[in-house]
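Enquirer: got a sequence here, can you model it:
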Amino acid sequence: MTLAPKPSETQPSTTVPVVLLIDDHLETRASASELLADLGYQPVVARNGLEGLQLLRRGLAPAALLIDLYMPLMDADSFCDALNEEPALTAIPRIIVSADHGAGTAWRLSRCRARGFLRKPLDLSELETLLEQVLRSVDET
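Expert: Modelled structure (predicted):
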């Protein structure tokens with residue numbers, strides 16, 4: 001698992017696609033990071049939306065974002081609002097991750113401009129399929 005990098009380390013030097021995972025639960029960050037690494041991605045983690053936004057503003061350029069809905073300091077809604085205000089960040093594909101899949105979740109996905117939703121706990125095959133679909137759609141545009 002990669003923790004929040006120092007400013008000089010914001011862009012990993014490999015050609016492995018980077019996925020920024022933003023989640024406040026240590027166990028989720030650890031397990032999701034392991035799943036991402038197993039799928040051939042380089043996980044970079046942030047504990048909340050504010051930390052994730054700081055990484056992006058420092059130059060981290062992930063292939064995709066996995067964003068927990070509910071976090072302290074800056075939740076998914078506020079994080080996505082901040083992304084939408086910064087032209088350089090608006091195109092990064094977003095996937096929402098949450099145990100909550102109630103009626104309001106669809107509205108929040110739309111508001112966040114998310115390209116997908118994954119339920120917690122994450123399933124390896126669902127994560128793989130959705131990331132492949134999202135990244136393929138980005139390559140086609």
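
Enquirer: okay, CA-based contacts and neighbour counts for the rest of this
Expert: Fine.

Enquirer: show me the helices in this structure, by range?
Expert: 26-38, 49-57, 76-84, 103-112, 124-140 (DSSP state H).

Enquirer: okay if I get the ones you listed as JSON lines plus mean neighbour count?
Expert: What follows is those, written out as JSON lines (neighbours: other Cα atoms under 10 Å):
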{"stretch": "helix 26-38", "mean neighbour count": "17"}
{"stretch": "helix 49-57", "mean neighbour count": "20"}
{"stretch": "helix 76-84", "mean neighbour count": "19"}
{"stretch": "helix 103-112", "mean neighbour count": "14"}
{"stretch": "helix 124-140", "mean neighbour count": "14"}
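
Enquirer: by mean pLDDT, show me the worst of the ones you listed.
Expert: Among the helices of the chain, helix 103-112 carries the lowest mean pLDDT, a mean of 68.

Enquirer: ok so, going back, for residue 118, find the nearest of the helices of the chain.
Expert: Among the helices of the chain, helix 124-140 comes nearest to residue 118, with 7.2 Å by Cα to Cα.

Enquirer: now do that closest one: everything it contacts.
Expert: Contact with helix 124-140 is made by 35, 39, 63, 64, 93, 115, 116, 118, as judged by Cα atoms under 8 Å, 6 or more residues apart in numbering.
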